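Asks: generate a structure from the sequence data that follows.
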Amino acid sequence: MLMQNKLKEIKYKYMNFLEGITPREYQQKIFSTCKDKNCLVILPTGTGKTLIALMLAIERMNLFPREKVVFLAPTRPLAEQHLSYFKKHLPELFGEMILFTGKVSPEKRKKEWETADIIFSTPQCVANDLKNKLYTLEDVSLLIEDEAHRCIKNYDYNYVAQTYKEQASHQRILGLTASPGSEREKIKQICKNLSVEALEIRTRDSPDVKEYLQDLKMNLVKIEFPEKFEEIRQPLKKLFNDYVDELKSRHLLFEMPSKTNLIKLQKKFGMSLSKGSPNFNVLRGMAVCANAIKLQHSLELLETQTLQGFYDYLKELFKQASAKKSKGVQQLVKKPEFNYAYIKTTELIAGKTEHPKISALNQLLKETYSKNPDAKCIVFTQYRATASLLCEKLNENLKINSRVFIGQAKKNGYGMSQKEQQQMIKDFSYGNVNVLCATSILEEGLDIPEVNKVIFYEPVPSEIRKIQRTGRTARLFPGELIILMTKNTRDEAFHWASFSREKKMHKTIDSMREEMLDKPEKQEKLE
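Replies: Numbers count the residues shown, from 1 in each chain. As a prediction, this is how the structure comes out:
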């Protein structure tokens, strides 16, 4: 009864300010925690984290009317999205709301800081201004950090949070994320960096959230790895194992030869060589490690992506060898196993053979659009080249108008500007485009319209990315998550890794939450 009365009080108090929106009961409960403690809020995508931030902003500005609120988001479009949300649901005269971007001169940002009540920005922009002493955070009564799982290491979120804790007179910190990860040490680090005193977590299955979400159907589509692909994989695996055995025999590799561990080892070699005189064992190890990484990557492309992408990568290695970029790659392309794999792949490409995932994806979407011509779907994939090829193949179906959605241009100049991304989202919203073939850029933040299906072209081992991808569907109406998994490949390992890590995440957070509730006075033990 006491809790119900408290929630009614919160609801009526904030309805005086909120326009066109009513907080749900779980949002009110979470807010009641956030107003008294620095809090990390973990909620599925699309369940209203921003409204909790808005209510807390109202609370802090009422308590400290002359102070400011700073709302940080990792990208400018996401910061703009939060600004639009606040403007939509707050009275016009509530406060001066400003978007900080790198395009605005530092002098102008300094002036705007003095008059603004609520500042929306990327962490990089505010961090640079603080380093240049354009202003301080002394009169900021609330710091909000969206996608708070990024608040680790040397990311600017961390710098701004530390500066805020040093400077602000009336401190309150709110971290928002769909998933902070499964590693206890990482979650503890996020909590330490944000001085978190309470954890609030809900999942799709939480009783107070479930009633607001639509049914999510999950479908794991298992695909056979073709025998002709196996003929290519085996010689490359043998070559890879030879390199791994050499690293072990030289007492240089002591962990599993995963791509991640090999890249770490390569960096270790580089640091070792930069500090002193060349060591032959390390020099040889560096060359062997580089080739092992190339083979690991090529096997990943063959097993999980497209045959064309795999073929293009082999050709790129030949090109590097021809240009004499390194002795290691020159030695690699001379190996008989490598040449055998290349010849076999060339034959398959000439015969227009492709990875069976592509035909499975085509069939899934063909069935989708025959039943519902107005459906919207997102196909997630790891690599830009894969996204481009999938888009091309899908557009052979007259009912599909697919487009590639990728991040901004990198060194090779291939990418989308933020303006192009925003236009693509509009086209998707209006139905001019009905399938987006997207990389990780679409996993977090950006305001995407409701979709009928989310398809993973390959499983991802990260529980954070899996949760964010899944959150793109089953919000306003029932949705479906489909994961394409090639049997007897790393797809299987990645799928079960993310599954177990997600379970571990919930257990870890529940345990840490209990610790905070039971021993608030001993919070430092979590650090």
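
Asks: helices of the stretch 1-150 of the chain, residue ranges please.
Replies: In the stretch 1-150 of the chain, the segments counted as helices under DSSP state H, counting those that start in this stretch are 2-15, 25-34, 49-63, 76-89, 106-115, 123-131.

Asks: just send the ones you listed back as CSV, with distance to Glu337, mean neighbour count and mean pLDDT too.
Replies: Every residue, glycine included, has its C-beta placed from N, CA and C. Output for those, formatted as CSV (distance: least, CB to CB, whole Å; neighbours: other CB atoms under 10 Å; pLDDT from 0 to 100):
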stretch, distance to Glu337, mean neighbour count, mean pLDDT
helix 2-15, 66, 13, 54
helix 25-34, 56, 22, 96
helix 49-63, 51, 22, 96
helix 76-89, 46, 18, 92
helix 106-115, 57, 14, 94
helix 123-131, 46, 19, 96
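
Asks: out of those helices, flag the one nearest Asp139.
Replies: Closest approach to Asp139 among the helices of the stretch 1-150 of the chain is made by helix 106-115 (9.7 Å; CB to CB).

Asks: secondary structure element holding Cys437?
Replies: Using DSSP states H and E, Cys437 falls within strand 435-438.

Asks: could you list every helix and strand in contact with that strand?
Replies: strand 377-380, helix 384-394, strand 402-405 (3 or more CB pairs under 8 Å, 6 or more residues apart in numbering; DSSP states H and E).

Asks: let me know the next secondary structure element after that strand.
Replies: strand 453-456.

Asks: could you name the helices and strands sitting against that following strand?
Replies: When contacts are defined as 3+ CB pairs under 8 Å, 6+ apart, strand 453-456 sits against helix 356-371, strand 377-380, helix 463-470, strand 479-486.

Asks: 6 Å instead, please
Replies: Packing partners of strand 453-456 (3 or more CB pairs under 6 Å, 6 or more residues apart in numbering; DSSP states H and E): strand 377-380, strand 479-486.

Asks: quick one: average confidence on it?
Replies: The pLDDT scores in strand 453-456 average 96.

Asks: with just CA atoms, put that strand into CSV.
Replies: Output of strand 453-456 as CSV, limited to C-alpha atoms (Å, rounded to 0.1, in the frame of the first residue of the first chain):
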residue,chain,number,x,y,z
LYS,A,453,11.6,-9.5,-38.1
VAL,A,454,15.2,-9.2,-37.0
ILE,A,455,17.5,-11.7,-38.7
PHE,A,456,21.0,-12.4,-37.5
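
Asks: that strand pairs with which strands?
Replies: In the sheet, strand 453-456 lines up against strand 377-380 (parallel), strand 479-486 (parallel) (DSSP bridges).

Asks: Ser359 is nearest to which of those strands?
Replies: Among the strands paired with strand 453-456, the nearest to Ser359 by CB to CB is strand 479-486 (10.8 Å).

Asks: return the set of buried residues in the next helix or strand after that closest one.
Replies: The element immediately downstream of strand 479-486 (helix or strand, assigned by DSSP H and E) is helix 490-518. Buried residues in helix 490-518, counted by 16 or more other CB atoms under 10 Å: 490-491, 494-495, 497-498, 501-502, 505-506, 508-509, 512-513, 516.

Asks: now the helices and strands packed on strand 435-438 as CSV including distance to Lys268?
Replies: CSV is the format used below for the helices and strands packed on strand 435-438 (distance: least, CB to CB, whole Å):
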stretch, distance to Lys268
strand 377-380, 32
helix 384-394, 29
strand 402-405, 36
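
Asks: in the stretch 151-300 of the chain, which spans are strands?
Replies: Read by DSSP state E, counting those that start in this stretch, the stretch 151-300 of the chain holds these strands, from start to end of the chain: 173-177, 198-201, 216-223.

Asks: with only the CA atoms kept, save the second one in PDB.
Replies: As requested, C-alpha coordinates have been extracted for strand 198-201 and formatted as PDB (Å, rounded to 0.1, in the frame of the first residue of the first chain):
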ATOM      1  CA  ALA A 198      21.800   1.100  -6.900                       C
ATOM      2  CA  LEU A 199      21.100  -1.200  -9.800                       C
ATOM      3  CA  GLU A 200      17.700  -1.400 -11.400                       C
ATOM      4  CA  ILE A 201      17.300  -4.200 -14.000                       C
END
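
Asks: name the helices or strands packed onto that strand?
Replies: helix 25-34, strand 39-42, helix 490-518.

Asks: ok, back up a step: of the strands paired with strand 453-456, which is nearest Ile467?
Replies: Closest of these to Ile467 is strand 479-486, at 11.0 Å (criterion: CB to CB).

Asks: show me the contact partners of stretch 35-53.
Replies: Outside of stretch 35-53, the residues that reach it under the criterion CB atoms under 6 Å, 6 or more residues apart in numbering are 23, 27, 30-31, 33, 59, 85, 144, 173-178, 195-202, 204, 209, 471, 475.

Asks: put the buried members of the residues you listed into a PyMOL selection.
Replies: Remark: buried members of those, expressed as a PyMOL selection using 16+ other CB under 10 Å:
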select buried, resi 23+27+30+31+59+85+144+173+174+175+176+177+178+195+196+197+198+199+200+201+202+204+209+471+475
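
Asks: include mean pLDDT and mean neighbour count when you put the helices and strands packed on strand 453-456 into a markdown table, please.
Replies: A markdown table is the format used below for the helices and strands packed on strand 453-456 (pLDDT from 0 to 100; neighbours: other CB atoms under 10 Å):
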| stretch | mean pLDDT | mean neighbour count |
| --- | --- | --- |
| strand 377-380 | 96 | 25 |
| strand 479-486 | 96 | 22 |
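
Asks: list the buried residues of stretch 368-386.
Replies: Within stretch 368-386, the residues scored as buried using 16+ other CB under 10 Å are 368-369, 375-386.

Asks: of the residues you listed, which is the nearest to Glu396?
Replies: Tyr369 (12.9 Å).

Asks: and the gap between Thr486 and Thr304?
Replies: 6 Å (CB to CB, to the nearest Å).

Asks: before we move on, the earlier item: for Glu444, find the nearest of the helices and strands packed on strand 435-438.
Replies: Nearest to Glu444 among the helices and strands packed on strand 435-438 is strand 377-380 (11.9 Å), distances taken as CB to CB.

Asks: dump the closest one to PDB, restricted to CA.
Replies: Provided in PDB are the C-alpha atoms of strand 377-380 (Å, rounded to 0.1, in the frame of the first residue of the first chain):
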ATOM      1  CA  CYS A 377      12.900  -6.400 -41.600                       C
ATOM      2  CA  ILE A 378      16.400  -5.800 -40.500                       C
ATOM      3  CA  VAL A 379      19.200  -8.300 -41.400                       C
ATOM      4  CA  PHE A 380      22.200  -7.900 -39.100                       C
END
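
Asks: run through who's touching that strand.
Replies: Val435, Leu436, Cys437, Ala438, Val451, Lys453, Val454, Ile455, Phe456, Tyr457, Arg469, Arg472.

Asks: now do 7 Å
Replies: 361, 365, 368, 390, 434-438, 442, 451-457, 469, 472 (CB atoms under 7 Å, 6 or more residues apart in numbering).

Asks: hmm, which of those are the buried ones?
Replies: Taking 16+ other CB under 10 Å as the criterion, what is buried in the contacts of strand 377-380 is 361, 365, 368, 390, 434-438, 442, 451-457, 469, 472.

Asks: so what are the domain limits for the chain?
Replies: 2-211, 227-350, 355-408+423-495 (automatic domain parsing).

Asks: let's have these in TSV, adding distance to Lys217.
Replies: Listed next are those as TSV, based on distance: least, CB to CB, whole Å:
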stretch	distance to Lys217
domain 2-211	12
domain 227-350	23
domain 355-408+423-495	4
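
Asks: relative to Gly415, which of these is closest?
Replies: Among those, domain 355-408+423-495 comes nearest to Gly415, with 4.7 Å by CB to CB.
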